[in-house]
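Q: Here's my sequence, what's the structure:
(one chain, ligands or ions: 1)
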Amino acid sequence: MGTPLESREAQAEEVFDRLYEEYPDTTISLSYSNRLELLIAVMLSAQCTDERVNKVTAELFEKYDGAADYAAADQEELADDISSITYYNNKAKYIRSACADIIEKHDGEVPDTMSALTDLAGVGRKTANVVLQHGHDIVEGIVVDTHVQRLSRRLGLTEEEYPERIEEDLMPVVPERDWQQFTHLFISHGRAVCDARNPDCDACVLEDVCPSSKLDHEVDLASGEAW
Ligand code: SF4
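A: Alright, predicted model coming up:
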């Protein structure tokens, strides 16, 4: 059928109810054991799969112990340590610079405010939101990654295109209690069923409320183009 509910609020609630049933235990899939490792893992995960990041950090976190180690690291050596990750040169620079600031301006602790986090090199709102949520238990916004971006548009929850605009648009529609799980539910569903190129609408628990369902709609609302 593929008919969304009347309001975006009702649509969001229905989508959540069903996805909570499907993925009751979903959470962040990056590996880390403290806030600094979380920050570094999230920085490395931009444009890269969590699976690859976890492989690299398994050794990286053994080799470097704390912000001072990263700040003092040789650029080439650190870049080499993360060379299987996209944009490894830039990411190595950002990690060194962010860790130097953490030492100099924050007594070696990963800051706990959006503004202090986004002042660190290479840290945007998305990275900061993840660190606040999972490192400090502070939920200030919605993490909009590529899956959230795609599914929110497909499901008719937003018509915005860019992550920060999508976040602003969704925050009044999604109950605050769901902001954190919103991301994990959409990532799980995006990976399992609603992938970018070939979503499995036949097997999707949201099919009857999805205005992009391939079963009876011509257009993928995520891209605005025909299926
Ligand atoms: S898999 Fe198909 S029906 Fe399900 S959310 Fe994605 S586009 Fe909609």
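Q: Please, which helix or strand holds residue 132?
A: When elements are assigned from DSSP states H and E, residue 132 belongs to helix 125-136.
Q: is the helix or strand that that helix is followed by anywhere near the ligand?
A: As assigned by DSSP H and E, the chain's next helix or strand after helix 125-136 is helix 146-154. Yes - residues of helix 146-154 contacting the ligand under Cβ under 6 Å from any ligand atom: residue 154. All C-beta atoms are positioned from the backbone trio N, CA, C, and that covers glycine.
Q: Pull out the buried residues from whichever helix or strand comes after helix 146-154.
A: Counting by DSSP H and E, the element after helix 146-154 in chain order, helix or strand, is helix 163-170. Neighbour counts using 16 or more other Cβ atoms under 10 Å place 163, 166-167, 169-170 of helix 163-170 among the buried residues.
Q: Okay, domains of this structure per the record?
A: Per the TED database, the structural domains of the chain span 8-26+143-226, 35-136.
Q: Adding distance to residue 1 and mean pLDDT, write those domains out as CSV.
A: Shown next, in CSV, are the domains of the chain (distance: least, Cβ to Cβ, whole Å; pLDDT from 0 to 100):
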stretch, distance to residue 1, mean pLDDT
domain 8-26+143-226, 5, 96
domain 35-136, 34, 97
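Q: what residues are up against the spatially most central residue of the chain?
A: Most central in the chain under Cα atoms, centre = their mean is residue 145, positioned 4.1 Å from the mean C-alpha point. By Cβ atoms under 8 Å, 6 or more residues apart in numbering, the residues touching residue 145 are 126, 163, 183, 187.
Q: I'd like the distance between it and the ligand.
A: Separation of residue 145 from the ligand (Cβ to the nearest ligand atom, to the nearest Å): 16 Å.
Q: Residue 126 too?
A: Separation of residue 126 from the ligand (Cβ to the nearest ligand atom): 22 Å.
Q: what's around that residue, how many residues?
A: A total of 22 residues lie near residue 126 under the criterion other Cβ atoms under 10 Å.
Q: Ok, residue 94 next?
A: Using other Cβ under 10 Å, the number of residues around residue 94 comes to 20.
Q: Can I get the domains of the chain in TSV including distance to residue 2?
A: Below are the domains of the chain laid out as TSV (distance: least, Cβ to Cβ, whole Å):
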stretch	distance to residue 2
domain 8-26+143-226	4
domain 35-136	30
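Q: for the ligand, what are the nearby residues on this structure?
A: Residues of the chain found near the ligand (Cβ under 6 Å from any ligand atom) are 154-155, 193-194, 199-201, 204, 206-207, 210, 212-214.
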